[in-house]
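**Student:** just need the structure, nothing else, for what follows:
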Amino acid sequence: MGKASQPVKREVIKHSAAIQIENNITLLQRRTWNALLYNAYDELETKEEHAIPVKKLARLVGYDSHDMGYLKEAALAMLRCIVQYNVLGKDGSSERWGAMALLAQVDIQKGWFTYAYSPELRRRLHNPAMYARLDLNMQKQFDSKHALALWELCADYLGSGRDYGESPFIPLAEYRKLMGIADDMYPLFKLFNKRVIKEPIEEINRVSDFLVSVNYRRSGRKVTALKFKIRRITTLPGAIAEQGKLFPAEEMPLVVRLLKDVGLSSSDAWDVYQRSWAFVVDDAIRPVDPGEDAEAAFVRYIREKIHLLKRRQASGKVDNSTGFLLEAIRQNYANPEYTAEKQREADRKNQQARRERERQAKALVQQKDDLEQARDEELDQLSSRVAAESPGMLEQAAAELLTESFGFRQFYDRDKSALENYQARKAVQALLNPFLERHAPERFEALKQYYATRIAAIDAQIAALQSA
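**Tutor:** Have a look, this model is predicted:
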């Protein structure tokens, strides 16, 4: 007896920006649009209009080909569906806003469905830089438009060549757009969570080859954003059903790698990672500050429990390492030694950092002293040049000081010129230099400003080190 024939796998290549649209069409209409794109994809560059037999379209989507009323309703919906594409900004063009209809025109006659896209949509849809491959047979399994839209989004972030992926944190308002939920629908998050998050995830996990979980970002007690984790469930040829596909170690999430390194099975490690804080029982205290990153906190939490396991192993107090670790994670077993050890490590690092800051500050003070000395030497050299260039001005300045300053008369030798006196004695230089600066202010100011800028930068660095 021959093997039962497998259904032909039909995949539509769908641009990320077309996936991440406001979901204001029905489940069957979204299926239909995907089927139309599948039919037209190879001709997007060469043809402006595309056609498909109504019966073939019906088979791809899974509806009665004789139901022309539905076809017309679906066509009108796609003509009227004005979408703001790239809702999540995944293609990096979030600064460019655009809107278009899902279909530009439709004609149904003599058993054929003829249609066209706008030029801009054709350009975006063909050979996209970012896309997801969507299985048309798989999409027919969904009963909820929310589940289908979320499945497409998960396929987008998983990609065709990977076995796991993550979406970014999606603000709740943007997720509402993606699911086609108006602001006044499901005003209570509890109901919104049930209908538009949890139930679609359950449907995806039930009918597709994806295992999806959700992480919530909170501000206080309010959920503000969602992150979806996606794992493709596959089996190795000849392997038991529970055996997951092997994942390259360098591509594993950190939590999975840490748990596998201490002996957990792949399935257990992935289960902990997928469920994250939901793996911890409700009556256990979850050590998460609502204001901090829940994912980073969970990694620290896992490290703490692994540390506890290793301590117990070293003392010979663990018979079943896997079972102990899973219970330690689930029940949040206390590990005060880990906290104390981390505190000592933090104190040690703080002391090292303080000593390093002191060393850097001392070096900066020396740099500042060197700059100030260099500035003073260059000012003296500039004064000497200006004095040599302007002996007449120097004589006038000396004559003025001889009548006004007793100290200047004490140092000044009347048998020599003002320039000779200037070059011979530092005390004379100090009294005549202000006259020289007033004579050539721009030259002196430029030199002072040059050094002032460099010294100010060093002062700022010293202040930053002292306040750290």
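**Student:** from Glu404, how far out is the closest residue to Glu395 other than its chain neighbours?
**Tutor:** Once flanking residues are discounted, Glu395 sits nearest to Ala418: 4.6 Å by Cβ to Cβ, 6 or more residues apart in numbering. Using the backbone N, CA and C atoms, a C-beta is placed for each residue, glycine as well. Remark: distance between Ala418 and Glu404 (Cβ to Cβ, to the nearest Å) = 15 Å.
**Student:** look at those two and report which has more neighbours.
**Tutor:** Ala418 (22 against 9; other Cβ atoms under 10 Å).
**Student:** so that one sits against Ala398, correct?
**Tutor:** Yes. Counting by Cβ atoms under 8 Å, Ala398 is a contact partner of Ala418 at 4.0 Å.
**Student:** hey, what's in contact with both of these two?
**Tutor:** Leu432 (Cβ atoms under 8 Å, 6 or more residues apart in numbering).
**Student:** which residues are in contact with the residue nearest to Glu395?
**Tutor:** Applying Cβ under 8 Å, 6+ apart, the residues near Ala418 are 391, 394-395, 397-398, 432.
**Student:** 10 Å instead?
**Tutor:** 387, 391-399, 401-402, 412, 428, 432 (Cβ atoms under 10 Å, 6 or more residues apart in numbering).
**Student:** now Asn39
**Tutor:** Contacts of Asn39 by Cβ under 10 Å, 6+ apart are 10, 12, 50-53, 56-57, 60, 113, 115.
**Student:** one more time with 6 Å
**Tutor:** Ile52 (Cβ atoms under 6 Å, 6 or more residues apart in numbering).
**Student:** can you tell me how far it is from Leu148?
**Tutor:** 18 Å.
**Student:** what's the answer for Gln105, then?
**Tutor:** Gln105 is 25 Å from Leu148, by Cβ to Cβ.
**Student:** which of these two has more residues huddled nearby?
**Tutor:** Per other Cβ under 10 Å, whichever of Gln105 and Leu148 has more neighbours is Leu148, with 26 against 14.
**Student:** let me know the pLDDT of that one.
**Tutor:** If you check Leu148, the pLDDT there is 84.
**Student:** nearest spatial neighbour of it, chain-adjacent residues omitted?
**Tutor:** Nearest in space to Leu148, with sequence neighbours left out and distances taken as Cβ to Cβ, 6+ apart, is Phe142 at 4.3 Å.
**Student:** tell me if I'm right that the one you found and Glu152 touch.
**Tutor:** No. In this structure, Phe142 is not within contact of Glu152 by Cβ atoms under 6 Å, at 9.9 Å.
**Student:** re earlier: measure the residue nearest to Glu395 to Gln274 for me?
**Tutor:** Taking Cβ to Cβ as the measure, Ala418 falls 89 Å from Gln274.
**Student:** same check on Lys426?
**Tutor:** 80 Å.
**Student:** which one of the two has more residues nearby?
**Tutor:** Counted by other Cβ under 10 Å, Lys426 and Gln274 do not tie: Gln274 has more neighbours, with 21 against 9.
**Student:** and that one, how close does it get to Val212?
**Tutor:** On the measure of Cβ to Cβ, Gln274 and Val212 end up 8 Å apart.
**Student:** now do the SS call for the residue sitting nearest the centre point of the chain.
**Tutor:** Centrality entry for the chain: nearest residue to the mean C-alpha point is Pro168, 7.1 Å, by Cα atoms, centre = their mean. Classification of Pro168 by DSSP: H, G, I helix; E, B strand; the rest coil places it in coil.
**Student:** please pull out the lowest mean pLDDT helix or strand from this structure.
**Tutor:** The weakest-scoring helix or strand in the chain, judged by mean pLDDT, DSSP states H and E, is helix 16-19 (a mean of 46).
**Student:** tell me the confidence at the residue nearest to Leu148?
**Tutor:** So Phe142 comes in at 81 (pLDDT).
**Student:** where do the strands of this structure begin and end?
**Tutor:** For the chain, applying DSSP state E gives strands covering 11-15, 49-53, 82-84, 99-101, 105-109, 112-116, 131-135, 164-166, 170-171, 210-219, 222-232.
**Student:** now do the shortest one: distance to the chain's middle.
**Tutor:** Mean C-alpha position of strand 170-171 versus that of the full chain (Cα atoms, centre = their mean, to the nearest Å) differs by 12 Å.
**Student:** helices or strands up against it?
**Tutor:** Strand 170-171 sits against strand 222-232, with contacts defined as 3 or more Cβ pairs under 6 Å, 6 or more residues apart in numbering; DSSP states H and E.
**Student:** figure out how far the strand it packs on is from the centre of its chain.
**Tutor:** Relative to its chain's centre, strand 222-232 lies at 14 Å (Cα atoms, centre = their mean).
**Student:** now it: buried residues?
**Tutor:** Across strand 222-232, burial judged by 16 or more other Cβ atoms under 10 Å covers 225-232.
**Student:** ok, now stretch 148-160?
**Tutor:** Buried residues in stretch 148-160 (16+ other Cβ under 10 Å): 148-159.
**Student:** show me where pLDDT drops low in the stretch 201-350 of the chain?
**Tutor:** Where the stretch 201-350 of the chain drops to pLDDT under 70, the residues are 234-251, 283-292.
**Student:** residues contacting Leu211?
**Tutor:** 205, 231, 233.
**Student:** next, format those residues as JSON lines and append distance to Arg300.
**Tutor:** What follows is the contacts of Leu211, written out as JSON lines (distance: Cβ to Cβ, whole Å):
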{"residue": "Asn205", "distance to Arg300": "28"}
{"residue": "Arg231", "distance to Arg300": "23"}
{"residue": "Ile233", "distance to Arg300": "29"}
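**Student:** quick check, nearest of the residues you listed to Ile306?
**Tutor:** Within the contacts of Leu211, proximity to Ile306 (Cβ to Cβ) peaks at Arg231, which comes in at 21.8 Å.
**Student:** okay but that closest one is in contact with Tyr164, surely?
**Tutor:** Yes. Between Arg231 and Tyr164 there is a contact under Cβ under 6 Å: 4.6 Å.
**Student:** number of nearby residues for the residue nearest to Leu148?
**Tutor:** 23.
**Student:** next: Asp209.
**Tutor:** 12.
**Student:** any idea how far it is from Gln141?
**Tutor:** In terms of Cβ to Cβ, Asp209 sits 11 Å off from Gln141.
**Student:** what bridges to the closest residue to Leu158 other than its chain neighbours?
**Tutor:** Counting by Cβ to Cβ, 6+ apart, Leu158 lies nearest to Gly165, which is 4.0 Å off, once chain neighbours are set aside. With DSSP bridges as the criterion, Gly165 is bridged to Ile230.
**Student:** contacting residues for Gly165?
**Tutor:** 157-158, 230.
**Student:** one step back: which of the buried residues of stretch 148-160 fall in helices?
**Tutor:** Residues of the buried residues of stretch 148-160 located in helices (DSSP state H): 148-158.
**Student:** now render the residues you listed as CSV, adding distance to Gly323.
**Tutor:** Output for those, formatted as CSV (distance: Cβ to Cβ, whole Å):
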residue, distance to Gly323
Leu148, 39
Ala149, 40
Leu150, 34
Trp151, 35
Glu152, 39
Leu153, 36
Cys154, 32
Ala155, 36
Asp156, 38
Tyr157, 34
Leu158, 32
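**Student:** and the gap between Met393 and Gln423?
**Tutor:** For Met393, the distance to Gln423 - Cβ to Cβ - is 15 Å.
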